[in-house]
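Novice: Would you be able to build a 3D model of this:
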Amino acid sequence: MQLIRFFPGRPLVVVAAVVVFGLLSGGCGSKGEGPERYPIFGAVTYQGKPVPVGTILFQPDAAKGGDGPSAEFPIKDGKFRSDQGEGTLGGPHLVYINGTTGEAVILPDGMKIPEGKPLFSSYRTEVDLPRERYEKNFDVPEIPRKHR
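Specialist: Numbering: from 1, shown residues only. Okay, here's the model as predicted:
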C-alpha cells in the first residue's frame, strides 16, 4: 500500500481520530457557532396590506464594513420572526424582500406554483441593525414598471 510509505505510523488511525474529534467538537456547523446573532422580528407590507407569503434576507453589507453570514426568514401573513438560536448580526445590512400572493397558480404547462404570483420585483433596502433583540417593519414601495 503506497499510502503507508508516504505516511508511516498508521495513517488511517490519524485520519479517523481527526474526523471523530471534529464531529464531537461540533465541527459540522451546529448552531451556536460563529458570531453572536440577535433575534429579529417584524412586519412586511405592500400597498398598505400584509405580504401574504415571501422571504426576507438580511445580508451584512460588506461595502459598509459588515461581515459574517446572512440570515433568511419566511414571511407569512405579513410577519417574519427569527427562530430560537437564530437571528441577524448587528451592523449594516442589505435587505432583500420577495412577496407573493399566497394563492397557488397552475401554469398552462401544468406546473404548479404553490406560493402564487409575485406581488413585486425583488425589493432591496438597507438597514443598520443594533446588537440586541429588535423589531423592524418594512413597507415595500410601489415601484413603477419601466415602459418598453
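Novice: Please make it C-alpha for all contacts and neighbour counts, starting now.
Specialist: Fine.
Novice: so the residue nearest the centre of the chain bridges to which residues?
Specialist: The chain has Glu72 as the residue nearest its centroid, 2.1 Å off, counting by CA atoms, centre = their mean. Taking DSSP bridges as the rule, Glu72 bridges to Leu57.
Novice: Quick check, pLDDT for it.
Specialist: With respect to pLDDT, Glu72 scores 97.
Novice: Verify the contact between it and Ile56 for me.
Specialist: Yes: if you go by CA atoms under 8 Å, Glu72 and Ile56 touch, sitting 5.6 Å apart.
Novice: Pretty sure Gly90 sits against Pro130.
Specialist: Yes: taking contacts as CA under 8 Å, Gly90 lies within contact range of Pro130: 4.9 Å.
Novice: So between these two, which is more surrounded?
Specialist: Shown here are Gly90 and Pro130; by other CA atoms under 10 Å, Gly90 has more neighbours (21 against 13).
Novice: ok, the more buried one to Leu107 distance?
Specialist: Separation of Gly90 from Leu107 (CA to CA, to the nearest Å): 41 Å.
Novice: and Gly102, what are its phi and psi?
Specialist: Backbone torsions of Gly102, given as degrees, to the nearest 10, read phi 80, psi 0.
Novice: Pull the contacting residues for it.
Specialist: Each residue near Gly102 by CA atoms under 8 Å, 6 or more residues apart in numbering is listed here: 52-53, 114-117.
Novice: Buried only: go through the residues you listed for me.
Specialist: Neighbour-count burial within the contacts of Gly102 applies to 52-53, 115-116; the criterion is 16 or more other CA atoms under 10 Å.
Novice: could you redo these as a markdown table and give each row pLDDT, secondary structure and distance to Gly78?
Specialist: What follows is these, written out as a markdown table (pLDDT from 0 to 100; DSSP: H, G, I helix; E, B strand; the rest coil; distance: CA to CA, whole Å):
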| residue | pLDDT | secondary structure | distance to Gly78 |
| --- | --- | --- | --- |
| Pro52 | 98 | coil | 6 |
| Val53 | 97 | strand | 7 |
| Glu115 | 92 | coil | 14 |
| Gly116 | 93 | coil | 15 |
